[in-house]
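Enquirer: quick one: sequence plus predicted model below, questions after.
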Amino acid sequence: MAMHEQRHAVEELVYRTCLALDAKDWKGFLGLCDPGFRYSITTYSPEIKKDMTWLDHDRGGIETLLGNLPKHNSDHSPITRHATVYTVAFDEAKAQADVVSAVQVFRTGLDGGATELFAVGHFHDTVKLNGDGPKLLRRNVRLDTRLMGYGYHIPF
Amino acid sequence: MAKNAAEWAARPRFPTSHYVDARIYSDPQLFEEEKEKVFKPCWIIACHESEVPNVHDYRLFTHPTGAPLIIVRGEDRKVRAFYNICPHRGNAILYDPSGNAKRMTCIFHQWSFDAQGACVDISRAEQGYQDRFCKADASLREVKCDIAFGGFVWVNLDDAGPTLREFIGPALDMLEPNMQEPMEVFHFHKAVVDTNFKLWHDTNSEFYHDFLHYFNRITGMMQPGYFDRKYTGYPNGHASVGSMSIKYDAYQSGTDRIGWPGLAPGGWILIDVFPGMTYNLRTSVMRMDTVVPLGPDKVVIEFRGLGLKRDTPEERTKRIFDHNMIWGPFGRNLHEDLLAVHGQGIAMKHGTDARWVLQGREENSTIHDEVGMRHYYAEWSRRMGRPAHDPFHEGKPAAAARAVA
């Protein structure tokens, strides 16, 4: 596959993960992920001057989290993830690509439909390049936003 | 059958100690009084000593009264607290929430202060003030400060008030065996919620709301010993809840828990400190909540997660995992708790005709008894000089309520 075609496939993977998560299509999202998938949310606290991990799960942990969502009491306002792929660095020896994307998350209230910016940050993805198409191997959502009101149950 | 307006407004058929007037959660006048009568004389947690480990490390904290504070470690390693207000023209001296400053210098006119609150430089002092005003006249306002009970940094704005140990009394005795080793903050985040600060502390003061949490229902409520946990009230409005064993595997299997010194495996001890702090030690993590009200209907809650200073990287990773599972910003329980008090803020804001909040459950002070909240409001009423059930002294308890009492 030509380099520009490979980059296009990687970009489309990132965008498809956003579409699947926005649609709460957990099966569709996990279908875009490698069996060795790992997901984390991290940020830096200037208050305590430390890097913080706010969520860190392997694929099994993410499946449990998503599967249990209906049993929890959650904010039902939908969120939309707006990603822009900035860089794609291919490692042909590993058959992987490291991808950095800017991401903004918007939340739209159910009553009245007002949309507010919920969070900004970056996706730091590792994509496995398989013969049957790229799969998400690792996603770290590096947040700039740390103040998110009453929070949210669904990973960004 | 639903209630009509008169029935809705009627006082609950409980003793007056078993309900509160909903206006205590929204009234601006009461809130202004709370700042003076509740927050100002009480000891408040500003941060943890691990946040200022080195000489000249500082941390900013907005006191619930609104006073901006600097917490700074001096050359003598003593941690002190000062107003973050320049005595010249009232500018904030320090802006960043934490840092290290040998000299704390106001950006406006370069007045400079040391870590003991002394003014060490006034720009062009002699030319402007001659002998009428000097550095000795320009010291910072120092606030009482003490480090205790797990290494937390406590402050008190009332120079004449009780000592920290007098204020706490025996309330934290239950946790003392678990706080013998130095702790370290690994997690900090804030949540701003449109609700009254007391509603958050109420939630931390009653476990009946475990019905809100799927996680707590299957790991706690359905396990032996859950209903044996008892509340204990202490002087000054503090209260504790004893331990039980949480069955974490009931939610997600395959995760080993590393525990906490002196705490039984799966143990859980919670102690509420008046007027808005909560020690919450659960299995492998200490959580601290501190409420800082921004108004009668808005609060910022500061959340801290702590491990042991001696943790290996592997141990710390496990504590962080345990913390985030339920208490992180994406945790299963925290979002539910915040969502609930957000809903209370909507339903009880000024003008909604919310009338009473019931605290009437009696179960021999065990886990679903609402004695924790009753104990809090007895102290609140004493300090405010206003009964929480009738804060504006508008009426007398109904005959039915007296009969029940």
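Expert: Looks like it came in fine.

Enquirer: nearest residue to B:Gly372 other than its sequence neighbours?
Expert: Nearest non-adjacent residue to B:Gly372, counting by C-beta to C-beta, 6 or more residues apart in numbering or on different chains: B:Ser205, 3.8 Å away. Any C-beta I mention is one placed from the backbone N, CA and C, and that applies to glycine too.

Enquirer: I'd say that neighbour and B:Phe274 touch.
Expert: No. Under the criterion of C-beta atoms under 8 Å, B:Ser205 makes no contact with B:Phe274, lying 10.0 Å away.

Enquirer: anything in contact with each of these two?
Expert: Residues touching both B:Ser205 and B:Phe274 by C-beta atoms under 8 Å, 6 or more residues apart in numbering or on different chains: B:Tyr376.

Enquirer: can you pull the contacts of the residue nearest to B:Gly372?
Expert: Listed by C-beta under 8 Å, 6+ apart, the contact set of B:Ser205 reads B:Ala239, B:Asp272, B:Gly372, B:Met373, B:His375, B:Tyr376.

Enquirer: do that again at 6 Å, thanks
Expert: Neighbour list for B:Ser205: B:Asp272, B:Gly372, B:Met373, B:Tyr376 [criterion: C-beta atoms under 6 Å, 6 or more residues apart in numbering or on different chains].

Enquirer: shaky segments in the stretch 301-405 of chain B?
Expert: B:396-405 (pLDDT under 70).

Enquirer: next to chain A, which bits of it? Give me the list.
Expert: Within the stretch 301-405 of chain B, the positions near chain A by C-beta under 6 Å from any C-beta of the partner chain are B:Ile320, B:Asn324, B:Gly328, B:Pro329, B:Phe330, B:His335, B:Glu336, B:Leu338, B:Leu339, B:His342.

Enquirer: can you redo the residues you listed as CSV with neighbour count?
Expert: Formatted as CSV, those follow (neighbours: other C-beta atoms under 10 Å in any protein chain shown):
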residue, neighbour count
B:Ile320, 23
B:Asn324, 25
B:Gly328, 26
B:Pro329, 27
B:Phe330, 20
B:His335, 25
B:Glu336, 23
B:Leu338, 23
B:Leu339, 20
B:His342, 18
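
Enquirer: let's have those residues in CSV, adding distance to B:Arg383.
Expert: Output for those, formatted as CSV (distance: C-beta to C-beta, whole Å):
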residue, distance to B:Arg383
B:Ile320, 38
B:Asn324, 36
B:Gly328, 34
B:Pro329, 33
B:Phe330, 37
B:His335, 32
B:Glu336, 31
B:Leu338, 27
B:Leu339, 30
B:His342, 27
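
Enquirer: from these, which land in helices?
Expert: B:Ile320, B:Asn324, B:His335, B:Glu336, B:Leu338, B:Leu339, B:His342 (DSSP state H).

Enquirer: who's in contact with the residue lying closest to the fifth one once chain neighbours are set aside?
Expert: Spelled out, that is B:Leu338. Once flanking residues are discounted, B:Leu338 sits nearest to A:Tyr150: 3.5 Å by C-beta to C-beta, 6+ apart. Shown in contact with A:Tyr150 (C-beta under 6 Å, 6+ apart): B:Val193, B:Leu338, B:Leu339, B:His342.

Enquirer: do you know how far the closest residue to chain B within chain A is from B:Val55?
Expert: Going by C-beta to the nearest C-beta, chain B is nearest to A:Tyr150 of chain A, at 3.5 Å. For A:Tyr150, the distance to B:Val55 (C-beta to C-beta, to the nearest Å) stands at 39 Å.

Enquirer: tell me the contacts of whatever residue of chain B ends up closest to chain A?
Expert: Chain A sits closest to B:Leu338 of chain B, with a gap of 3.5 Å, by C-beta to the nearest C-beta. Counting by C-beta under 6 Å, 6+ apart, B:Leu338 makes contact with A:Tyr150, A:Gly151, B:Ala191, B:Val193.

Enquirer: which pLDDT value goes with the second one?
Expert: Meaning A:Gly151. We have a pLDDT of 94 for A:Gly151.

Enquirer: so what pLDDT did B:Ser243 get?
Expert: pLDDT, B:Ser243: 76.

Enquirer: ok, it - contacts?
Expert: B:Gly267, B:Trp268, B:Ile269.

Enquirer: most neighbours among those residues, which one?
Expert: Top of the contacts of B:Ser243 by neighbour number is B:Ile269, holding 23 neighbours under the definition other C-beta atoms under 10 Å in any protein chain shown.

Enquirer: who touches that residue in this structure?
Expert: B:Leu175, B:Ser243, B:Leu281.

Enquirer: ok, 8 Å please
Expert: Contact partners of B:Ile269, counting by C-beta under 8 Å, 6+ apart, are B:Met174, B:Leu175, B:Asn178, B:Ser240, B:Val241, B:Gly242, B:Ser243, B:Leu263, B:Tyr279, B:Asn280, B:Leu281.
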